[in-house]
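> I'll drop the sequence and a predicted model, then ask my questions.
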Amino acid sequence: MKISKLMYLFAITLITLSSMACSQENKATENSKNVAQTQTTSPESGVYAMSSIINTGDKEPIDFTWIENGKEMKFSDFVKGKVTFINFWGTWCPPCRAEIPGLIALNKKYKDKGFQIVGVPLERDMNNQMTTVSNYVQAAGINYRNFPSRPYSEEFGKKFGQIQYVPTTFVIGPDGKVVDQLVGGKSEQDFENVITKYIQN
């Protein structure tokens, strides 16, 4: 009888953990084949390829560049003076998808108050990652930039600790330093508590 109870508690614990985060080693449970293939037009909700990945100083996030509307942009310039979430996620990950509506709402609420979000989708099909993410961004109405890139997450992991589960969100303060890390799916209120902790009023 005691063994049965222990097995039951162990099973419940596993179910709870699996509902909060996805291991990058798990097989995909869903894909985006039913998502309409339409392009996003707003730069803020665009999906971009990184042009380069640049190592940085202590506690600074890994830097990168990208081309937006024909102009080279640099992430370290982009985050200056703002609180920025770097949200590592995947279209295949249920907890990642579950927290996206809250992130959309918070980006809209705080974008004029010194806050922004950058998504880094970690797709399993590297050959079609741009299309997969673009389709999902359009269908979900994501209103912040996304940069599909496993190499970036690997460099980030070397500096701040391996990203074993998604979603994982790093918080960059207005000084450009990483100040917090959130592992596993979070509620809109959880995220808002972090934003108001670091944002400059």
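Received, thanks. Only a predicted model underlies this, so the values are computations on that prediction, with no experimental measurement involved. Residues are numbered from 1 along each chain as shown.

> so where's the chain uncertain?
Under the criterion pLDDT under 70, the flagged ranges of the chain are 1-20, 23-41, 201.

> let's see 80
Applying pLDDT under 80 to the chain flags the ranges 1-21, 23-41, 200-201.

> tell me the centre residue of it?
In the chain, the residue lying closest to the centroid (C-alpha atoms, centre = their mean) is residue 87, at 2.0 Å.

> what helix or strand is that one on?
strand 83-89 (DSSP states H and E).

> which SSE is immediately downstream of the stretch of helix or strand residue 109 belongs to?
Using DSSP H and E, residue 109 sits in helix 94-110. As assigned by DSSP H and E, the chain's next helix or strand after helix 94-110 is strand 115-121.

> the strands in the chain, which residues?
Using DSSP state E, the strands of the chain run over 22-23, 50-54, 63-68, 71-74, 83-89, 115-121, 165-166, 168-172, 178-183.

> would you format those strands as CSV with distance to residue 156 included?
To be clear about C-beta, it is placed using only N, CA and C from the backbone, and glycine gets the same treatment. Below are those laid out as CSV (distance: least, C-beta to C-beta, whole Å):
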stretch, distance to residue 156
strand 22-23, 17
strand 50-54, 9
strand 63-68, 10
strand 71-74, 16
strand 83-89, 8
strand 115-121, 8
strand 165-166, 12
strand 168-172, 8
strand 178-183, 9
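
> residues contacting residue 143?
The contact partners of residue 143, by C-beta atoms under 8 Å, 6 or more residues apart in numbering, come to 42, 44-45, 104, 107-108.

> change it to 10 Å
40, 42, 44-45, 103-105, 107-108, 111, 117, 137 (C-beta atoms under 10 Å, 6 or more residues apart in numbering).

> so how far is residue 103 from residue 185?
11 Å (C-beta to C-beta, to the nearest Å).

> just to revisit the earlier point, need the contacts of residue 143 in CSV (columns: neighbour count).
Listed next are those as CSV, based on neighbours: other C-beta atoms under 10 Å:
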residue, neighbour count
40, 19
42, 8
44, 14
45, 19
103, 23
104, 18
105, 14
107, 20
108, 11
111, 15
117, 25
137, 25
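
> which among the residues you listed gets closest to residue 156?
For the contacts of residue 143, the minimum distance to residue 156 (C-beta to C-beta) is 15.8 Å, reached by residue 117.

> surely the closest one is in contact with residue 88?
No. With contact defined as C-beta atoms under 10 Å, residue 117 and residue 88 do not form a contacting pair (11.8 Å).

> need the overlap of contacts for these two.
In contact with both residue 117 and residue 88: residue 169, using C-beta under 10 Å, 6+ apart.

> what bridges to the closest residue to residue 93 other than its chain neighbours?
What sits nearest to residue 93 in space, not counting adjacent residues and going by C-beta to C-beta, 6 or more residues apart in numbering, is residue 22, at 4.0 Å. Judged by DSSP bridges, the bridge partners of residue 22 are residue 166.
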